[in-house]
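Novice: Structure of the sequence below:
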Amino acid sequence: MCFRLLTTLIAATVALVFAVPAVAKVIRFEITRTEPYGTFLAGDYVRMDGRVFGELAIDEKIPAIDKAARNARGKVEYSTPITIIAPKDASGRNGALLFDVANRGSAIAQALYNSPRGKFLPLGSFEPGTGFLQDRGFTVVTAAWELGQKIELPTFTDASGKVLYVEGIGLAAIRDVVDFMHQAAADEAGTPNPLAGSINRALAFGYSQTARLLKTMLIEGFNQVEGRRVFDGVHLQASAGGLATILVATAGPDSSSNFTPRFTAVDLRGVNEEPFTYEDIVGRIKKRGEVPPKIVVTNMTTDYFSMRASLARTGSRGTREAPIPANVRIYDVAGASHGRSRSSPGCEMPPGQLDWSPVLRAVLVAIDDWVSHNRAPPPNTLMPLEARANDETVLPAPKHLPDAVIEVPRQDVDGNFVGGVRLPDVEVPLGVHGIQNRPLSDRSCNLVAAYVAFRKTPTDRKPGDTRPSITERYKDRADYVNRIRVATRRLIDQRFLLPEDGVVIIHAATQSPAFE
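Specialist: Alright, predicted model coming up:
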């Protein structure tokens, strides 16, 4: 009888613990504008703009937070703008909150997931584009985290009289905003959370600078709040082998995370630092007793040449590749560029033309299935690497990593990159994708790469160019389109392409000017 009573008390205690509402560190939430966003397969969407006000304890592991001014409760305050794009009716929401980690103040999710073929939406755009995110019922939330981008960060004055910003609070702001939107019913004043009760999982998406930021967030323990995991899944696009230099106090006016190593600043510190491999990153998370999120990494080809992506596979010593943890998937996109542009003024070659948004869309569906239904995503799909010690187009290792070997993907006889996720445009090529563009000193050139079309006929080839022309590769347009169709079906079967994107790719092949 006593045993039964004890069991009942334990069960009741556990139920009580899990029934306690989340104690969010967001103290005030304001919506200042609501407007229609459009109608999609999931129903009518609205856009809500507002501001979040939060407070933090001074024992947070954030450099200099204890030096900042405190409110009457002894806490440090911050505020940040927020934008929510969600189905108007909660029944249209798929349960997933996708947090869009803005890159240098620009929202990225709409531009990178929703860009239609032939039209790259600019970063910062809130245009619906293809409507992919909305058709599938995602709730997209973005908030500022970065000094100089409308987040109000606390300051303090140092001994020399200089005013410094506590930049690391940006990580806590992301954590607490997402936790509030996911878990809380209302703020301290009773203002309701418009997403309350409709969110059952949280995903994060970061690109380049903000993918490095998300890695830093995981490494430094900011994916936990009051014993809860914040992000269940994370999509890291083009983060290469870097971290974010945000855990500092700085005079600004811009974020310290804006600066990265490049061909004109090879030895810049703070970005390419331990831990590099996902084995080490996940190991640090587990060592703290946390359950790591599902992590999907998409690497672009130029990330290896201009951003040292190979360090995330080998670490800072030699070329032996580290094991990839079970909760991580890494996908290299052959021939893809880090950035996207339809023009390349000042560059030696035309910009890269490969549309890699379809891969991102398929990957998001895969990670969401992994988180929500435990359906394993496609296996790791990598490009084979090689060292090119004397290749000036490869950003070399910095001096503080004397044992590091920077590797880049291998190329076939045409110059196209082998292995990895091969979009139909690369598998059935009309030219060479993803070549390093020059001048290397101009990141708008080397990060958008280059595309060089094959000559149409043998007589069009320049002297010394032994690559087959288009008429030598394909019998006619029908032959080319059929090969594109086969490559497309293969990618759909591998789950690196959604059927609706396959239709668009095949249609584009039927319209290619290469056969006119």
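Novice: host element of Val432?
Specialist: strand 431-435 (DSSP states H and E).
Novice: tell me the centre residue of the protein?
Specialist: Centroid check for the chain by CA atoms, centre = their mean gives Gly206 as the closest residue, at 2.7 Å.
Novice: So that one belongs to a strand, correct?
Specialist: Yes: when the secondary structure is assigned by DSSP: H, G, I helix; E, B strand; the rest coil, Gly206 falls within a strand.
Novice: Return the residues in contact with it.
Specialist: Val101, Asn103, Ile108, Arg212, Leu213, Leu214, Val234, His235, Leu236, Gln237, Ser239 (CB atoms under 8 Å, 6 or more residues apart in numbering). C-beta: built from backbone N, CA, C; applies to glycine.
Novice: and of these, the nearest to Phe454?
Specialist: Relative to Phe454, the closest of the contacts of Gly206 is Gln237; by CB to CB it sits at 28.9 Å.
Novice: any idea how far the closest one lies from Thr191?
Specialist: 34 Å (CB to CB, to the nearest Å).
Novice: so Val297 bridges to which residues?
Specialist: On the basis of DSSP bridges, Val297 takes part in beta bridges with Leu236, Ile330.
Novice: Tell me who's in contact with it.
Specialist: Under the criterion of CB under 8 Å, 6+ apart, the neighbours of Val297 are Leu236, Ser239, Tyr278, Ala312, Val328, Arg329, Ile330, Tyr331.
Novice: again, only this time at 7 Å
Specialist: For Val297, the contacting residues are Leu236, Val328, Arg329, Ile330, Tyr331, by CB atoms under 7 Å, 6 or more residues apart in numbering.
Novice: What is the burial count for the closest residue to His400 other than its chain neighbours?
Specialist: Computed as CB to CB, 6 or more residues apart in numbering, the closest residue to His400 that is not its neighbour in sequence is Arg269, at 6.5 Å. In terms of burial, Arg269 registers 12 neighbours under the definition other CB atoms under 10 Å.
Novice: what does Leu491 give?
Specialist: For Leu491, the tally of surrounding residues (other CB under 10 Å) stands at 22.
Novice: doesn't it fall inside a strand?
Specialist: No: with three-state DSSP as the criterion, Leu491 is helix rather than part of a strand.
Novice: do you know how far the nearest residue to it once chain neighbours are set aside is from Leu98?
Specialist: The spatially closest residue to Leu491, leaving aside those adjacent along the chain, is Leu497, at 3.8 Å (CB to CB, 6+ apart). Plainly put, Leu497 is 20 Å away from Leu98 if you go by CB to CB.
Novice: and if you look at Arg477?
Specialist: Applying CB to CB, one obtains 39 Å for the distance of Arg477 from Leu98.
Novice: got a list of what Phe305 touches?
Specialist: When the contact criterion is CB under 7 Å, 6+ apart, the partners of Phe305 are Thr393, Val394, Leu395, Val408, Gln436.
Novice: So which of those is surrounded by the most neighbours?
Specialist: For the contacts of Phe305, the largest number of neighbours (other CB under 10 Å) sits with Val408, at 25 neighbours.
Novice: Just the buried residues of stretch 117-132, please?
Specialist: When neighbours are counted by 16 or more other CB atoms under 10 Å, the buried residues of stretch 117-132 are found to be Phe120, Leu121, Leu123, Ser125, Phe126, Pro128, Gly129, Thr130, Gly131, Phe132.
Novice: Thr459 belongs to a strand?
Specialist: No: counting by three-state DSSP, Thr459 is not part of a strand but helix.
Novice: Now do it: how many residues are near it, please.
Specialist: Neighbourhood size, Thr459 [other CB under 10 Å]: 8.
Novice: quick one: which helix or strand includes the closest residue to Leu112 other than its chain neighbours?
Specialist: For Leu112, ignoring the flanking residues on the chain, the nearest one in space by CB to CB, 6+ apart is Leu360 at 5.7 Å. Under the assignment given by DSSP H and E, the secondary-structure element containing Leu360 is helix 357-373.
Novice: Dump stretch 169-182 to CSV, restricted to CA.
Specialist: As requested, C-alpha coordinates have been extracted for stretch 169-182 and formatted as CSV (Å, rounded to 0.1, in the frame of the first residue of the first chain):
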residue,chain,number,x,y,z
ILE,A,169,23.0,39.2,-25.3
GLY,A,170,22.0,38.6,-28.9
LEU,A,171,22.4,34.8,-28.4
ALA,A,172,20.1,35.0,-25.3
ALA,A,173,17.6,37.1,-27.2
ILE,A,174,17.2,34.4,-29.9
ARG,A,175,16.9,31.8,-27.2
ASP,A,176,14.3,33.6,-25.2
VAL,A,177,12.2,34.9,-28.1
VAL,A,178,11.9,31.4,-29.6
ASP,A,179,11.2,29.9,-26.2
PHE,A,180,8.5,32.4,-25.5
MET,A,181,6.8,31.9,-28.9
HIS,A,182,6.9,28.2,-28.5
